[in-house]
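1. test case, fold it:
(3 chains)
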Amino acid sequence: MFIAALLSGLVLGGTYALVAMGLTLQYGISRIMNLAYGEMIISAAFLAYVLFSNLGINPVAGLVFAVPFGFVLGYLVYGVMMSPLVARARDKASLEIDSILATFGLLFVIQGVMLVLFGANFTSYSYLNDPVTIFGATLATNRVLALVLALVLGGGLYLVLTRTLWGTALRAVAVNPAAAPLVGIDVNRAARLAFALGGALAASGGVVISMYQTFTATSGVVFTMKALIVVIMGGVGNILGALSAGLLLGLVETFVSTYIDPGLTLAATYMIFLAVLLWRPAGLFGRIAR
Amino acid sequence: MTRFLPPILFLAAVIGLTCIPLFADSYGVTLGIGMLGYVTLASAWALFSGPTRYVSLATVAFFGIGAYTVAVLSESMPYPLVLVTAGAVGLGVAIVVGLSTLRLAGVYFVIFTFGLAELIRQLVTWYEVNMTGTLGRYIFLPVTPEGIYWQLLALATATFIISWWVGRSRVGMALKVIGDDEVVAAHCGINIARMKLALFAVSSVIITLVGAIQAPRWTYVEPTIAFNPTISFLTLIMALLGGAHRLTGPLLGAVPLFLLFEWLSAHFPNHYSIILGLVFIAIVFVLPRGVLAFVEENWKRWRRREIKKLPAVAE
Amino acid sequence: MRTIQRRHVLRTIALATTALTVGAVAGFHSEAAAQNRKSVKIGYAISKTGGNAGGAGITTLPNYQLWVKDVNDAGGLEMPDGKKLPLEIVEYDDRSSAEEVVRATERLATQDKVDFMLVPWGTGFNLAVAPLYDRFGYPQLAVSAVTDKAPDFVKRWKNSFWMLGGGHDYAGALAAIVSGAKAAGTVNGKVAMISVADGFGIDLVTAARPAFKEKGIEVVYDKTYPAGTSDFSPMINEAKSSGADAFVAFSYPPETFALTQQAQVASFSPKILYLGVGTGFPIYGKNNGENATGIMSLGGIDPSNTMNADYRKRHEAVTGVAPDYWGSVITYASLQMLQEAIKRKGLDKAAVSAELASGTFQTVLGETKFENNQLRQLWWTGQWQNGQFVGVMPSDRPGASKAVLPRGEWKKK
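-> Residues are numbered from 1 along each chain as shown, chains lettered A, B, ... in the order given. The predicted structure is shown next:
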C-alpha cells in the first residue's frame, strides 16, 4: 500500500511539475505574471484532441505540432502585448500589476475563442490508458508519461540553463534585468525567448494532460492556480524547484487521500503551501533577495 | 463656502441614491444592488490595498464567510444580530490572518491570499460534509431587495467616510509612507505592523458584511456559490481600473465596469468573454494608471492650455 | 495647498456623482415595451461561461435551441385561437454566478418583460431564482435540480415544478438493485462508496446510507472527495482491498470519466459499478465502447419509445451533439409541456401554471403529468446495454429493461 501510494503520488506530482515549469520560466525570467497560462495549456489540449479525433494523429506525435504552436503563441504574446508593458514599466510592482491585468484580459480572449470554437462541453478521450506495473504498483501509462516528460524536460532545461552560455544569459536576466545589458545581454530578446519557451512547455503539458483528464474551454484557471502554487513553493524561476515542489504536492495529495481523508486533499495542498510561504517566503529553493 | 460644498454634495448624492428604490422598478433596484455591492467591495479593497500596495485576492474569503454565517445562523438569530456575528467572525479571521501574513510582500502576498480563499472554502466544505452531513443551506429571510439596497448603501457610505478619514488622518499618512518605503516608515517611528493589521481588519469586516447582506438574495448557499473566486478578481480589477490610491477611484472603476459587464452579457452572450478580454487589454494600454489619473492628467493639460492663454498668473 | 486639495475633492466628487447618475440613467429607466402581439417573448439566463457551463452546455442549452427551432419551423407557438406567433428569444449569460443569475432573471421579468422564462441550470441556481419566478408569477419548470425538498418548495412557491426527483428516489432504487443482487447470490452485499463534496454528491450519499442500511447492505468504504479531484488511484485501491464487490460513486462528469479510466488501469472490476453524472453522456458511451456495458447510473431511457428515439436523432442533427440520457429528454419534455399549456390557455401566466399543474400532456416521454407539481415518471437507475443507456428502475414501469448483473470484466483494447 505504501509503495503504491508513493508511486501514485510521484506520478500525480509529475503532472503538476510538468504544468508548472513553463510558468516558472515566464514569471521568473520574463517577469510576466501570466494569468492566461492555463488557457495556453487548454488550447494545446484542444489541439491534441482535434488532431487525435479528426485526423487520427496520436497525441505523442501531436507533440510535434503542439510544442511549436505553444512556442509561437508565447513568442507572439510577448512580442505584441508584453514588451510595450515592460518598456513603460517604472518598477517591478507596476509591471506586476500591468501584466496581471493584461493577461487577465488575454485569459478571457483565449477562453472566449475556445468557447466559440468548441462550445462549453466536457471534452475527453483516452490514449495510453493501459496499466503498467512498476515495483508491484499498477499505474496508468499516460500518467507515467507525464512524469517522464516532466523529468526529461526539467532535467534538460536545468542543464541548458546552467551549462550553456545562452542559459547563463537567461539566468542573468532573471537575477538582475537592469544589470544584464551591461554585460551585453539583450534583455528583451532573452525575455521573449523565455516566455516562448514557457509557452512551449505549457503546450506539451496540455497535450499530455488531455490524454487522461477531462477538460472544458473554461477549465484553464484550475491549471493556472495549481501551477502558480507549485511555482511559488519551488521558488520563482527555479526549474528544479518547480520539479520538486510539483512532486511534493502530488505526494502530499496522495498520502492524505490514502491515510487521512480524500476530502482533505485540496485543503492539505493549500495548507502546505501557506506553511511554506510563511516559513520560507521565497519558496523552498528560492533565495530571499530576489 | 466652498469648504462645505464637498460634504453637501456627498450628502445630496447619498440622499438621492436612497430615494431611488422609491421610483425605480425592481430591475433598477437589482442593478443598484449589484453596483453598490461592487463599489463597496472595491472601496474596501482599496482601503487596505491602495495605501499599502498589498494586492489581496482574499476578498472572496471574507465575502464567503459573511454569506455563510448568514446561511448558518439565519434561522436561529434575529437578523441584525446575524449581521453583527458575521462581522465579528470576519474580524476574527482577519486578525488571525493578518498577524500571520502581513510580513509577506509582493506577489507572495497575492498568492497567499488566493490560497487562503481556497483553503477556507475547502475547510467549510469538509466541515459541512463530515460534521453536519449536508451541503448547501437555505436562507429564507424576509429581506426585500429594497432592504438589501439600503443596507448596502449605508455600508458603502460608511466605507466612503472611513476611506476619506483614513486618507487625511495621521494613519493615512503613515500608510502612504509604508506604501512608498517600509524602511523609511519604520525609521519614522511608525508601527507598521499595527497599522497594516488595523486596516486589513477594517477592510475585511466591510467585505464580510457585503457578503452577509447579499446572501439572502440567493436563497440557497453552498461553498461553490459563496466562495466564487471571480469576485476577488473583479474587485481587484475594478479598484485598479479606477485607481486604488484615490478616494473615488474604486467607485469610478466599479460603476462603469459593472455597467459594461451588464451590457455585454445582454448584447453579446456568445462573445462576451472575447470582448471583455479585449476591453481589459485596451484598458491596460490606454488607461495605465486608472480612469481617475487619466481624467486628471487631461484636465490638467486642458487647464494648463487655458492658463497659457492668459497673461502669467501664479496659481 | 488647502484650496488645491479642496478643489481636488470637489472634482472627484463631481466625477463620482456623474458616474453614478450615468449608471442610474442607464439602468433605472425601464423602457415602456409596446405590447403589439407579433411574437412571443421567451427569455432565459444560463451559464455560458464559468464552472457550470459544462453541465448547462449539454443538458439545457441545446434543448432550448432545438425547441426554439422546432417551434419556429412549425410557424410559431400556437395560441388557443389557432394563431401562430413566432418566438423571440432573450438570452443572458449568468457566468455561473448566483448574483448574476438573480439579476438576469429580474431583468428578463421587468426590463424585457418576457412572456415566459426558461430555467437556469443546476439545483442552486433554480433555487436562487425561485422567489423571483414566484414574485412575478412565472411558472418555473425546474429540470436540472435534484432535491428531496420539492414538496416543501411547492408549498412555498406555488408555480414551481420539480422534474428530476430527489436523492432518496435514486438512492432507494440503487439499494433495491444491490439487495436484489445479494438475494440472488450475485454479490456479497458489501458496498464501497465515494461521493463528490458538492450539493449533488452529499444529497445522494446522505440518502444512500440509510437506504443501504435498511436493506441490510454493509457499506465498507465511505469517503467524500473535493470537486476537481483528478487522481482517484488511492480511493480505487482502498475500494479494491475493502472486499466490496459493488462500487458506487456519486460523482460529477470529469470525475466520472477519470474513475472509469482509472478503474480499468487498476483492473478494478466490481460486479456492480455505479457512477454519477456523466455516465449518461453520449461521449461516455463513445469513449468507452464495449467497456461501458453494465455500468449503472442515474436516469436512462425506454429504448422502445420511438418518439424519444426520434427526438434523439433530431437533437443530434440540429445541435450537432447527441443528448445525454438523463436530463436532456426531460428538459425537452418540459418545453413541450409549456408549449402545450400555452396552446390551451394562451399567454396568461397564472392560467398556464394551473394547466401545467393539472393537465396531461403528450411529450417525448409519452403521456406526462405532474403529481403535486413534481414529475415522478422518471428512471431512477439506468444501465448501459447494447450501446444504449436504458432505464432499469423502477422495474415495474412500462418499458423498463432488466438489469444485467454482474457486469463483466474490463475488455482489453
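2. what about the chain, any weak spots by pLDDT?
-> Because you didn't say which chain, this covers chain A. A:286-290 (pLDDT under 70).
3. I was thinking of chain C, sorry if that wasn't clear
-> Applying pLDDT under 70 to chain C flags the ranges C:1-36, C:412-413.
4. how is it carved up into domains?
-> Under the assignment automatic domain parsing, the domains of chain C span C:40-166+C:305-375, C:167-302+C:380-393.
5. same list (those) but as TSV, adding distance to chain A.
-> Backbone N, C-alpha and C define where each C-beta goes, glycine included. Below are those laid out as TSV (distance: least, C-beta to the nearest C-beta, whole Å):
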stretch	distance to chain A
domain C:40-166+C:305-375	4
domain C:167-302+C:380-393	4
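6. would you mind putting those into a markdown table with mean neighbour count and distance to chain B alongside?
-> What follows is these, written out as a markdown table (neighbours: other C-beta atoms under 10 Å in any protein chain shown; distance: least, C-beta to the nearest C-beta, whole Å):
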| stretch | mean neighbour count | distance to chain B |
| --- | --- | --- |
| domain C:40-166+C:305-375 | 21 | 4 |
| domain C:167-302+C:380-393 | 22 | 4 |
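7. wouldn't residue B:100 be in contact with residue A:278 here?
-> Yes: the pair residue B:100 and residue A:278 passes the contact test of C-beta atoms under 8 Å, sitting 6.2 Å apart.
8. residue B:98 and residue B:199 touch, don't they?
-> No: with contact defined as C-beta under 8 Å, residue B:98 does not count as touching residue B:199 (9.1 Å).
9. looking at these two, which one has more neighbours?
-> More neighbours surround residue B:199 than the other of residue B:98 and residue B:199, with 25 against 18 (other C-beta atoms under 10 Å in any protein chain shown).
10. let me know the secondary structure of that one.
-> The three-state assignment at residue B:199 reads helix, by DSSP: H, G, I helix; E, B strand; the rest coil.
11. and for residue C:383?
-> Of the three states, residue C:383 takes strand under three-state DSSP.
12. got the contact list for it?
-> Going by C-beta atoms under 8 Å, 6 or more residues apart in numbering or on different chains, residue C:383 touches C:294, C:295, C:296, C:297, C:300, C:389, C:390, C:392, C:401, C:403, C:404.
13. could you redo the last one with a cut-off of 10 Å?
-> C:177, C:272-274, C:279, C:292-297, C:300, C:389-393, C:401-405, C:407 (C-beta atoms under 10 Å, 6 or more residues apart in numbering or on different chains).
14. any idea how far it lies from residue C:292?
-> Using C-beta to C-beta, to the nearest Å, we find residue C:383 at a distance of 10 Å from residue C:292.
15. can you list residues touching both of the two?
-> Common neighbours of residue C:383 and residue C:292 (criterion: C-beta under 10 Å, 6+ apart): C:279, C:389, C:407.
16. and these, which of them are in strands?
-> Using DSSP state E, the members of the shared contacts of residue C:383 and residue C:292 that fall in strands are residue C:389.
17. look up phi and psi at the spatially most central residue of chain B.
-> In chain B, the centroid-proximal residue (C-alpha atoms, centre = their mean) is residue B:41; its distance is 1.8 Å. Dihedral angles of residue B:41 (phi, psi; degrees, to the nearest 10) stand at phi -60, psi -50.
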